[in-house]
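A.B. asks: dropping a prediction and its sequence here:
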Amino acid sequence: GRETPFHFTPRRSSRDVDRRIKSAAGAFGALREAIFSSRHIKLRTKKAVYLAIVVNILLYGAECWCLTEELLDRLRVFHNQCVRAMCGV
């Protein structure tokens, strides 16, 4: 049989998820003042920007993750923090 060059393990996936959260948090932070915290921008627009930029950065490479409940919880926590920030809660 042919070996695949990728090794999908929970440990590697954990590192990947941490990196993706860090990158997505950086993007969110860069846009926070100008877009996500603005009271002059509609929530619908904030959502579109969030999905197009932050979520795409967050989930890049997700098809290769060995996703555990713990990793899914980390992703949910990050997402919920962003949503609360956009809603001003």
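C.D. replies: Perfect, I can see it now. This is a predicted model, so every value here is computed, not measured. Numbers count the residues shown, from 1 in each chain.
A.B. asks: list the helices and strands the helix or strand hosting Leu31 packs on?
C.D. replies: Element membership for Leu31, per DSSP states H and E: helix 10-31. Contact here means 3 or more Cβ pairs under 8 Å, 6 or more residues apart in numbering; DSSP states H and E; on that basis helix 10-31 packs against helix 56-59, helix 69-87. C-beta: built from backbone N, CA, C; applies to glycine.
A.B. asks: which one, of those, ends up nearest to His40?
C.D. replies: In this view, the helices and strands packed on helix 10-31 are compared for proximity to His40 by Cβ to Cβ, and helix 69-87 is the closest at 13.4 Å.
A.B. asks: list the buried ones in that closest one?
C.D. replies: When neighbours are counted by 16 or more other Cβ atoms under 10 Å, the buried residues of helix 69-87 are found to be 71, 75, 78-79, 82, 85-86.
A.B. asks: look up how far Val77 lies from the residue nearest to Arg20 when sequence neighbours are not counted.
C.D. replies: Ranked by Cβ to Cβ, 6 or more residues apart in numbering and with sequence neighbours excluded, the top spatial neighbour of Arg20 is Leu58, at 5.3 Å. Using Cβ to Cβ, to the nearest Å, Leu58 is found at 12 Å from Val77.
A.B. asks: repeat that for Leu67.
C.D. replies: In this structure, Leu67 lies at 15 Å from Val77, with Cβ to Cβ as the measure.
A.B. asks: now do Lys22
C.D. replies: With the distance defined as Cβ to Cβ, Lys22 ends up 13 Å from Val77.
A.B. asks: so for the protein, the centremost residue is which one?
C.D. replies: With the centre of the chain defined as its mean C-alpha position, the nearest residue by Cα atoms, centre = their mean is Leu58, 2.9 Å away.
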